[in-house]
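J.: Sequence and predicted structure below; questions after.
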Amino acid sequence: MPPAGEPWWRSAVVYQIYPRSFADAGGDGVGDLEGIRGRLDHLSWLGVDAIWVSPFFGSPMADFGYDVADYCDVDPLFGTLSDFDHLVADAHERGLRILVDWVPNHTSDQHPWFAESRSSRSSAKRDWYVWRDRPNNWKAAFDETQSAWTWDEATGQYYLHLFLPEQPDLNWANPEVVEAMHGVLRFWLDRGVDGFRVDVVHGLGKDPAFPDAPPETADRPWSGQNDHQSTHAILRDLRRLVDGYPGDRVLVGEVYLLSTRQIAPYYGDGDELHLAFNFAPLYAPWEAPAWRRSVDRVVEELDPRHAWPTWVLSNHDNPRHRTRYGSEARARAAAVLLLTLRGTPFVYAGEELGLEDAEVPPERRVDPGGRDGCRAPIPWDASTGHGWAGDDPWLPWPPEADVRNVAAEREDEGSVLHLYRRLLAARRESVALRLGSWSPLPSPPGVLAYEREAGADRRAVVVNYTDDVVKVAFPQAWTVQVSSDGQSEGASYEGTVGASQALLLRRQPP
Ligand code: TEU
């Protein structure tokens, strides 16, 4: 339990589930809510505090659920509302919180709101979306040759879509849109969810003049640039709504702006997002100076009074960090970093198995954004179906699924899975790791070292980004609590850190 007065989400570790790929109870090769429910005991064993489930709402799946056609129902592919209620009940019974993924920037083009909006220029919902006679130069995501505006023959205007043409942008300047979307939040809050991951939250407020992107960035998608002050009033209203419910419900915003300085304002004065993703470190190379800079930015840019940091290495939109960093040893070291920095960490399902991206042959590629590799199904055991109920899953298995699967790694105390479990346990028992201060420790080039402190509880972390053994001496005596390769745990720290190794150290009593 978090200390009194601290909201749960500051000390929590959130586990992201991409429902298509997590676990299939129905046997159609696509994961589902019942599949997730069947694996909750495993997640409790692992030791995460909350799950965030990517969209499972009614959708034609042009963007695999990020194109929502019915915000208040479960797509039959994933189950039913009653499956969802069971999932919430069973998660809560185990002390696991549950966040759902709310996609407010755009709907599916199959949403009845858009059908009505595009039906005529005088439709009552015409202004629920963004219609213009002339497009500006904004580019859509996924394909930089695509304009963010699509011509609609029937009514002779363009509509805006920061993503696919099948994902028209809502017009949040229209109070009826705001009211309808508030209704969506209430629907899920009333069903007991603990909060929302808010998709593309920086996209909501648009400059009413729709000015062109500047020439320097005109060839990049506008979805990574939209940053208009009108979003902040929208967020303050959302915050009031969510804070009106008991139990510290949380808004975690996907602010897809790639500098920490641009993300900071989305926390407002503690009256906008509770948490905001910070993707700059996710795009940083596996090098000590780059990571030191990333951490320094967070320390400098995020106001410590109300902007609690977040950390994420992998998600459903990017190659897994095991794949990006190029070795299991580095991925293990990165896990030590992720779970010991100051802030709320997000773990993407499968990284705790050390999974690499799947090789997806051209004929099996399905995502318009080229993101299939990191969305490969989770192998639960070594059998041919890897614990999935039915036929071949919708994407190929990740590499080495016969040995890199949940059952095999649970048996093997040296596995990546056990490393994550030990790190999660270490966080739970240490207030310094969960909520303590962060300060850098002097370290040689290629190494990042820091201390976490809360009263008498002190931990140090040493991350060696190099492929050589490095000497890192400290004046005090420390014990190795967790090491990324499992070596020397429980022994005194001897002043060297192995190639691509990371250590979590516990201060020895004087
Ligand atoms: O992502 C927002 C976003 O900007 C990324 O899609 C990014 O542009 C892309 O992944 C770069 O490869 C969110 C969701 O996380 C993503 O899955 C959706 O496709 C997108 O919004 C649209 O809803």
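T.: All right, it came through fine.
J.: Mind telling me what element the residue in the stretch 351-500 of the chain positioned nearest to the ligand is part of?
T.: Nearest residue of the stretch 351-500 of the chain to the ligand: residue 369, at 5.0 Å (Cβ to the nearest ligand atom). C-beta: built from backbone N, CA, C; applies to glycine. Here residue 369, judged by DSSP states H and E, is contained in no helix and no strand.
J.: if I pick it, what's in contact with it?
T.: 63, 141, 142, 317 (Cβ atoms under 8 Å, 6 or more residues apart in numbering).
J.: do residue 378 as well
T.: By Cβ under 8 Å, 6+ apart, residue 378 lies in contact with 21, 22, 23, 349, 350, 353, 355, 406.
J.: rerun at 10 Å
T.: Going by Cβ atoms under 10 Å, 6 or more residues apart in numbering, residue 378 touches 17-18, 21-24, 31, 35, 39, 349-350, 352-353, 355, 386-388, 393, 397-398, 401, 405-406.
J.: thinking again about what came up before, and the pLDDT at the residue of the stretch 351-500 of the chain closest to the ligand?
T.: As summarised for this prediction, residue 369 has a pLDDT of 97.
J.: same question, residue 390
T.: Note on residue 390: pLDDT of 80.
J.: ok, residue 367 touching residue 375?
T.: Yes - using Cβ atoms under 10 Å, residue 367 is in contact with residue 375, at 7.1 Å.
J.: So what sits opposite residue 507 in the bridge?
T.: Per DSSP bridges, the residues bridged to residue 507 are residue 478.
J.: count of residues packed around it?
T.: 19 (other Cβ atoms under 10 Å).
J.: So, low pLDDT: which residues of the stretch 251-400 of the chain?
T.: 391 (pLDDT under 70).
J.: Which residues of it lie near the ligand?
T.: Taking Cβ under 6 Å from any ligand atom as the contact definition, the stretch 251-400 of the chain meets the ligand at 254, 256, 316, 317, 369.
J.: of those, buried ones?
T.: Buried members of these, counted by 16 or more other Cβ atoms under 10 Å: 254, 256, 316, 317.
J.: For these, work out which two are farthest apart.
T.: Distance extremes for these: the farthest pair is 256 and 316 at 13.2 Å, using Cβ to Cβ.
J.: quick revisit: quick one: buried ones out of the contacts of residue 378?
T.: Judged by 16+ other Cβ under 10 Å, buried ones among these: 17-18, 21-24, 31, 35, 39, 349-350, 352-353, 355, 386-388, 393, 397-398, 401, 405-406.
J.: State the three-state secondary structure for the residue of the stretch 301-450 of the chain found nearest the ligand.
T.: Distances between the stretch 301-450 of the chain and the ligand by Cβ to the nearest ligand atom are smallest at residue 317, namely 3.4 Å. Under the three-state scheme (DSSP: H, G, I helix; E, B strand; the rest coil), residue 317 adopts coil.
J.: That one: what's it in contact with?
T.: Applying Cβ under 10 Å, 6+ apart to residue 317 gives the contacts 66, 254, 256, 279, 282, 348, 367, 369, 371, 374, 375.
J.: and with 6 Å instead?
T.: residue 371 (Cβ atoms under 6 Å, 6 or more residues apart in numbering).
J.: next one: the one 5 residues further on
T.: With Cβ under 6 Å, 6+ apart as the criterion, the residues that contact residue 322 are 331, 354, 356.
J.: I'd say the second one and residue 416 touch.
T.: If I follow you right, that is residue 354. Yes - in this structure, residue 354 is within contact of residue 416 by Cβ atoms under 6 Å, at 3.5 Å.
J.: Sketch out the strands for the stretch 301-450 of the chain, chain order is fine.
T.: Ranges of strands within the stretch 301-450 of the chain are 310-312, 344-348, 437-440, 447-454, based on DSSP state E, counting those that start in this stretch.
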